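Novice: here is my input; please provide its structure:
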Amino acid sequence: AGSSQVFSIAGGTGSYTTAIITNNSGATYDPSTSTYTAGPIAGAIHILRITDSANVSVDVIITVIAATPDHLLLLSGDAQSTLMGSQLSDEIRVKVVDRYGNGISSYPLYFQITQGQMEFLDSPLQTTNLLGEAAINLKMGTLSLKNRIVVSPFNASLPDESLTGTPNLEIEQIGRNIVT
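Specialist: Below you'll find the predicted structure:
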């Protein structure tokens, strides 16, 4: 998404014209430099039609892929409150996205308890699915009311070029004592 490609046309006869005939994400083509620039939507399909002076055309089909991983989004599971020793009602679900918000699949994430006492019901190392999402289930511990989980890339960092402030996520959970 958002990247540019310069085309060099060879073969055919005479001069050429190039036009985007299918544009599903705001792509552009600059004929003065023969530069195609993809729009920001991953998965969009564009068709460039190249026609020579003998009116012979060829279509080039381009599928836009996501740009490089940029930052994390919290989708669900923050600020839950449950009885100590109980499983949280909602999983913690996050998404790795490029600077345009497109999900990044197969990206490793590490969920780490940095404050309190909780129990992972899934592996703390998760890989994002085809939508760029990863989720984990947790059980509230019995010793700490306040708990903090940090989600970060595993053995990597995210540049956060879009300046969201979320190359890592901090998520807090609150335990409640049983009142009799």
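Novice: list the contacts of stretch 18-28.
Specialist: With C-beta atoms under 8 Å, 6 or more residues apart in numbering as the test, stretch 18-28 has contacts from 1, 7, 9, 29, 31, 34, 36-41, 44-51, 59, 62, 64. For every residue, glycine as well, the C-beta is placed using N, CA and C.
Novice: in strands, which of those appear?
Specialist: If you go by DSSP state E, the contacts of stretch 18-28 have Tyr29, Tyr36, Thr37, Ile45, His46, Ile47, Leu48, Arg49, Ile50, Thr51, Asp59, Ile62 in strands.
Novice: what about the third one, how many residues nearby?
Specialist: If you count neighbours by other C-beta atoms under 10 Å, Thr37 ends up with 13.
Novice: go ahead and confirm it touches Val6.
Specialist: No - at 10.1 Å, Thr37 does not count as touching Val6 under the criterion of C-beta atoms under 8 Å.
Novice: could I have the PyMOL command that selects the buried members from the contacts of stretch 18-28?
Specialist: Applying 16 or more other C-beta atoms under 10 Å to these, the buried members can be selected in PyMOL as follows:
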select buried, resi 1+29+36+38+39+40+41+44+46+48+50+51+62+64
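Novice: hang on, the earlier thing: can you put the ones in strands among the contacts of stretch 18-28 in JSON lines and add distance to Ile104 and pLDDT?
Specialist: Shown next, in JSON lines, are the ones in strands among the contacts of stretch 18-28 (distance: C-beta to C-beta, whole Å; pLDDT from 0 to 100):
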{"residue": "Tyr29", "distance to Ile104": "26", "pLDDT": "85"}
{"residue": "Tyr36", "distance to Ile104": "23", "pLDDT": "85"}
{"residue": "Thr37", "distance to Ile104": "20", "pLDDT": "87"}
{"residue": "Ile45", "distance to Ile104": "19", "pLDDT": "89"}
{"residue": "His46", "distance to Ile104": "21", "pLDDT": "88"}
{"residue": "Ile47", "distance to Ile104": "25", "pLDDT": "90"}
{"residue": "Leu48", "distance to Ile104": "26", "pLDDT": "88"}
{"residue": "Arg49", "distance to Ile104": "31", "pLDDT": "89"}
{"residue": "Ile50", "distance to Ile104": "32", "pLDDT": "87"}
{"residue": "Thr51", "distance to Ile104": "36", "pLDDT": "86"}
{"residue": "Asp59", "distance to Ile104": "29", "pLDDT": "90"}
{"residue": "Ile62", "distance to Ile104": "20", "pLDDT": "88"}
